[in-house]
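Peer 1: Sequence and predicted structure, then a few things I'm wondering about:
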Amino acid sequence: MYTSASMKGDKRKRITALVISIVLLNQGRAQFSDSVHHYLGYAATGIINQTNDGNSYVLNNNLKFNVNKKNKFLNTAAAWVYGKQNGVLTNNDFTSSMDFDIYGLSPRIYYWGLITYDKSFSLKINDRLQAGAGAGYNLSENKNASIVLSDGILYEYSDLKIDSAMNDRYSTLRNSLRLKYHFVFNGIIILDGVHFWQQSLSSGEDYILKSASSLSVKLKKWLNITSSLNYNKVNRTQRKNLLFTIGLSADYYF
């Protein structure tokens, strides 16, 4: 059971970690260029609720590192969501990913490869590994408005927790359909989103939905106030989560 003192101590630690992260990133530049090929970003968002009847909190931490060199792009990301309600664990969800994009003769058509790893208390995922490749098409070449559609095949190995006494270990091939967009309004407001529908090729009832959207308003060139909305569903375990958080994010181009 959390006491008021221990919760205040935890909050101070989280705020200190956030401030340190922002200070380390405070020399960020605006975007990629001929001499700027790397991007590092960190976002810390969350919701804390305290009443006379109980308390709850959810913290969402995201770290990204991207490399942009001519027609080749490498993207890595890691996210950790942790939450409790009245001292009972509700979220302890970790995901990491690495993908690359290679553009060929056409500036709009590209080929991609992807590998991801997930663990999720809320979705009852003990371990999940996905790897695959495919192609995509960029519907817009405007740097302030990007809409990308992609599709491909993934191999997946999963260890799912069906109940307290049973795990479900299996592998499957999935079709992975993705919609990704990025909009910048007046250089200040930024809307990002990436949405997946991953259908097993061997079972119509085995599918995964993943959706992540964020809306950011620039406070400084390197600092934003950010709200995020995330939704996940694993139909095989009949589990889903929906998380809305708000906080700060920082960007560093070098």
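Peer 2: Yep, that arrived.
Peer 1: Who does Phe73 form a beta bridge with?
Peer 2: Beta bridges link Phe73 to Asn68, Asp101 when assigned by DSSP bridges.
Peer 1: Share the number of residues neighbouring it, please.
Peer 2: 17 (other C-beta atoms under 10 Å). Where you see a C-beta, it was placed from the backbone N, CA and C, and this is true even at glycine.
Peer 1: Contact partners for it?
Peer 2: By C-beta atoms under 8 Å, 6 or more residues apart in numbering, the residues touching Phe73 are Asn66, Val67, Phe100, Asp101, Ile102.
Peer 1: In JSON lines: the residues you listed, plus pLDDT, distance to Asn91 and neighbour count.
Peer 2: Conversion of these to JSON lines gives the following (pLDDT from 0 to 100; distance: C-beta to C-beta, whole Å; neighbours: other C-beta atoms under 10 Å):
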{"residue": "Asn66", "pLDDT": "94", "distance to Asn91": "26", "neighbour count": "16"}
{"residue": "Val67", "pLDDT": "94", "distance to Asn91": "30", "neighbour count": "14"}
{"residue": "Phe100", "pLDDT": "94", "distance to Asn91": "30", "neighbour count": "17"}
{"residue": "Asp101", "pLDDT": "94", "distance to Asn91": "30", "neighbour count": "19"}
{"residue": "Ile102", "pLDDT": "94", "distance to Asn91": "35", "neighbour count": "11"}
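Peer 1: Could you report the neighbour count for Leu74?
Peer 2: 14.
Peer 1: For Ile47, see how far away it is.
Peer 2: Distance from Leu74 to Ile47, counting by C-beta to C-beta, to the nearest Å: 32 Å.
Peer 1: Same question for Gln130.
Peer 2: In this structure, Gln130 lies at 29 Å from Ile47, with C-beta to C-beta as the measure.
Peer 1: Could you check which of those two has the larger neighbour count?
Peer 2: When neighbours are counted by other C-beta under 10 Å, Gln130 comes out ahead of the other of Gln130 and Ile47, with 19 against 15.
Peer 1: And the helix or strand hosting Leu179, what's buried?
Peer 2: Secondary structure from DSSP states H and E places Leu179 in strand 166-185. Residues of strand 166-185 classed as buried by neighbour count (16 or more other C-beta atoms under 10 Å): Thr172, Arg174, Asn175, Ser176, Arg178, Lys180, Tyr181, His182, Phe183, Val184.
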